[in-house]
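In: Sharing a sequence plus its predicted fold:
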Amino acid sequence: MTDTTGDTAMAERPADRLTPILFAVAIFTSASLVFVVQPMVTKLVLPMLGGSPSVWNTSMVFFQAALLAGYGYAHGLQRIGSLRVQVGVHLALLLLAALFLPLHINGLLGEPNPAAPIGWLLATLALSVGAPFAVLSATAPLLQAWYARVRAGYPDGQNPYVLYAASNLGSFLALLSYPILIEPLTTLTGQMFGWTGGYAAFVLMVAGLAFIVWRRRFDQATAEPAALEASAPIAWREKLIWVLLAAAPSSLMLGVTAHLSTDVASAPFLWVIPLALYLLTFVIAFQDRPWVPLPVTLVIQAALGAICVLVVAFRTLDIRVAFVIHILAFFFAALMCHQTLAARRPPPDRLTEFYLLLSLGGVVGGAFTALLAPVIFNMVWEYPLVLVLVGLARPWDRRRLRGEEIGALVAAAILSGGAALLSWWMTADPDAWARLWGAFPVMQLDGLCLVILTPAVICAFLLRDRALAFTAILAMVALSSQFVARGYDYSFSERSFFGVMRVANQPDPAMGGDVHVLMHGTTLHGSQARASSNDCQPTLYYNPLTPIGQSAEIVQARGPANIGVVGQGSGAMAAYKRAEDTMTYFEIDPAVNRMSRDPKWFTYISHCAAGEIRTVLGDARLTLAKEQPGSYDLLIIDAFSSDAVPTHLLTVEAIEGYLRLLKPNGVVLLHLSNRNLEIVLPSIAAAHSLGKPSLHGLYVEDNSLPAMEVASTEAVIISPTPEGLADFSGQRNWSSTPVTSVRPWTDDYVNLFGALWRAFRPPPERP
């Protein structure tokens, strides 16, 4: 018989009852610090790269790589037999990493090169936060390994993986607290010093934990807990499965983040939702009794995954509906992969190796989405691709397909091909749609194809236990829906760090024939009629009927004008340039500059402008700061109708910088048209806080005009003096700005969640 008397006595000691709590609290704290720093630091660096969603995805790759480095260090440290030496080494590294605090963005590398920003971003993050992040990230696996040794012989010591749930719970709560509490209630400066204080408290916590464990847990007879008994080595095939199961959720997390933030803004409140849910799936998966059992997860994932693959291509869905579908589909796909991983976890002595390979999978998935996919794909194909491939993580039934299963597979192929064929026919023969309209008077093409493809999705669900057949149907549905939803006839596409820029051809007889349209995601960045009779007519937001067009004509009526435009787009503002004027574009994306200057696509700059036009590449806050003060008659800040709003261009400090560049009677126009964010009131509040006169401009689209000729436009103009706005007062489309209770945005405070909320529920005070 085994003598358990000593173990019973040991369990009754106060230190032993306290030890599990201390380990859990320490792991919870380290995880909270590790994950709350990610949106915080990325928000610090975001303004230097124009607010692009790729900043977050690239930063996530860095954090995943730093996490891998931390896990590698933790795995290597386990080769030291003495637990006391391990604790001493880790404490020493925590203290050394503290030399990089308080948190700040290291300026050693200077300003980023817009043509190659990824290397700059990764290196800057490494210099700024790499050391403390990597050392902190190693704490969770280290403490779990120590716990397994300290609690050897106790039931809880046999499953230290439960502490992984505590780690991810801390990460989850920290991430949720950032957009809900930390970001709205504190400044960035306060956040940086607060995190530094938390780091110091954690170092003291680890030191206290070491003291308690050493003094209370061990007596002279057992000065060191024995090393765990070695289990059999893990097969390479099993290790590869671990890596792939960890890579898929990581890739999906970045894919869904980019997909959602592209349509709203690159902001922490959107970043943290997928990341927090990603961590929550770890919490659930590594529980002793998961809240959602794996069989239930498999059923829900099959339904949501198939629906999401169908709708991912159709960007016309209500953003709230699309948000729910994408988030839930991602959550259950990640949960399925992580529950499968939890079921395959090794014995405790292989714990750090297991976490190291999971971390490697995270890096592989993140690097594929953020670094490799933009190079190999000219469109955002990686997100739907991984949505399809994650079906291979489902159960494999290697028996031959039954007759009804083959029938479902064939039916899905016919439906998917039929929807694509119908779309091709309508595009090749536009008159065919008019003939078919009588048969389907209430449906547009997208809606009709969705109806056709829905039974194919049902077929996929019916084959959910056949991983290969399920994935094959998803692939067919994805290809068909992407073909159907392409919308425009795209002539050219180029992908860069800042997004996908496409040129589409949209025939419009009222504008003389073909119209070239520049698109970034789902947002129009300008259009130009190709007929010689209309090619120099500014269109959409830049039409003379809009506040932007009016501002150019009013300022030019005063004499020769020096005009600056932030955001080049198709170059439509160049059509206003006269020989006596000077005009400068400030553009962050070199691809936009190339496309707008290529006569094959747009000729506003090359043909319509009278004289040369300068383009300065780089983030506007950085490049405008180098311009001559008091030299501009008109500054147009046209960067907010795009898919990712660069909020740092709307802060009090930014507007103050614009005003510094103006002549006494000059004006700055903020173009604030945006589908998903209400950003007019913070801009008005900023002007009021600076004590500068302002006016609100609003043009509502006239549906009797051609669709590509003019667009609804909203703007705010501000001047250093009342004289600057004298010519605008009383003009059509212009009115006074009201007093608002909305807090102005600053470099230390931005509330994008409030802007999103106001867009869905416009307050009465909105002008």
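Out: Here it is on my side, so go on. Numbering: from 1, shown residues only.
In: how about low-confidence regions in the stretch 401-550 of the chain?
Out: 425-448, 485-490, 521-523 (pLDDT under 70).
In: what about the helices in it?
Out: Remark: helices assigned in the stretch 401-550 of the chain by DSSP state H, counting those that start in this stretch are 403-428, 430-437, 445-462, 467-484, 547-556.
In: hey, what's residue 563 bridged with?
Out: On the basis of DSSP bridges, residue 563 is bridged to residue 583, residue 634.
In: Quick one: end-to-end distance for stretch 108-126.
Out: The stretch stretch 108-126 measures 11 Å between its terminal residues, going by C-alpha to C-alpha, to the nearest Å.
In: per-residue confidence averaged over it?
Out: Over the span of stretch 108-126, the pLDDT mean works out to 85.
In: lowest average confidence, helix or strand, in the chain?
Out: Ranked by mean pLDDT, DSSP states H and E, the weakest helix or strand in the chain is helix 5-12, scoring a mean of 43.
In: Against residue 199, how distant is residue 300?
Out: For residue 300, the distance to residue 199 (C-beta to C-beta, to the nearest Å) stands at 39 Å. (C-beta placed from N, C-alpha, C; glycine too.)
In: typo on my end, residue 127
Out: Distance, residue 127 to residue 199, by C-beta to C-beta: 17 Å.
In: ranges for the strands of the stretch 551-700 of the chain?
Out: For the stretch 551-700 of the chain, the strands defined by DSSP state E, counting those that start in this stretch cover 562-566, 582-587, 614-617, 632-637, 662-671, 694-699.
In: about what we covered before: between residue 127 and residue 199, which is the more surrounded one?
Out: Applying other C-beta atoms under 10 Å to residue 127 and residue 199 shows that residue 199 carries more neighbours, namely 23 against 15.
In: In terms of helices and strands, where is that one?
Out: Using DSSP states H and E, residue 199 sits within helix 188-212.
In: Does anything pack onto that helix? Which helices or strands?
Out: Identification of packing neighbours for helix 188-212 by 3 or more C-beta pairs under 8 Å, 6 or more residues apart in numbering; DSSP states H and E yields helix 14-45, helix 83-97, helix 131-137.
In: Okay, angle between it and helix 14-45 too, please.
Out: For the pair helix 188-212 and helix 14-45, the angle between their directions (axes from the mean of the first three to the mean of the last three C-alpha atoms, to 10 degrees) equals 160 degrees.
In: Mind listing what's buried along helix 188-212?
Out: Residues of helix 188-212 classed as buried by neighbour count (16 or more other C-beta atoms under 10 Å): 188, 191-192, 194-196, 198-199, 202-203, 206, 209-210.
In: Kindly calculate the angle that that helix makes with helix 83-97.
Out: 160 degrees.
In: For helix 188-212, what does the pLDDT average out to?
Out: Throughout helix 188-212, pLDDT has a mean value of 84.
In: Tabulate the buried residues of helix 188-212 (TSV), appending distance to residue 284.
Out: Written out in TSV, the entries for the buried residues of helix 188-212 read as follows (distance: C-beta to C-beta, whole Å):
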residue	distance to residue 284
188	33
191	29
192	32
194	29
195	27
196	32
198	26
199	29
202	26
203	31
206	28
209	27
210	31
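In: gap between the two ends of stretch 707-724?
Out: First-to-last distance for stretch 707-724 - C-alpha to C-alpha - comes to 33 Å.
In: cool, and stretch 520-532?
Out: 26 Å.
In: residues of that stretch that come out buried?
Out: By 16+ other C-beta under 10 Å, the buried positions in stretch 520-532 come out as 520-521, 523-530.
In: Reformat the residues you listed into JSON lines and put distance to residue 420 next to each item.
Out: Compiled in JSON lines, the buried residues of stretch 520-532 are given as follows (distance: C-beta to C-beta, whole Å):
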{"residue": "520", "distance to residue 420": "26"}
{"residue": "521", "distance to residue 420": "23"}
{"residue": "523", "distance to residue 420": "26"}
{"residue": "524", "distance to residue 420": "26"}
{"residue": "525", "distance to residue 420": "28"}
{"residue": "526", "distance to residue 420": "30"}
{"residue": "527", "distance to residue 420": "28"}
{"residue": "528", "distance to residue 420": "31"}
{"residue": "529", "distance to residue 420": "31"}
{"residue": "530", "distance to residue 420": "29"}
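In: ok, of the residues you listed, which one's closest to residue 84?
Out: Using C-beta to C-beta, residue 521 is the member of these that lies nearest residue 84, at 55.2 Å.
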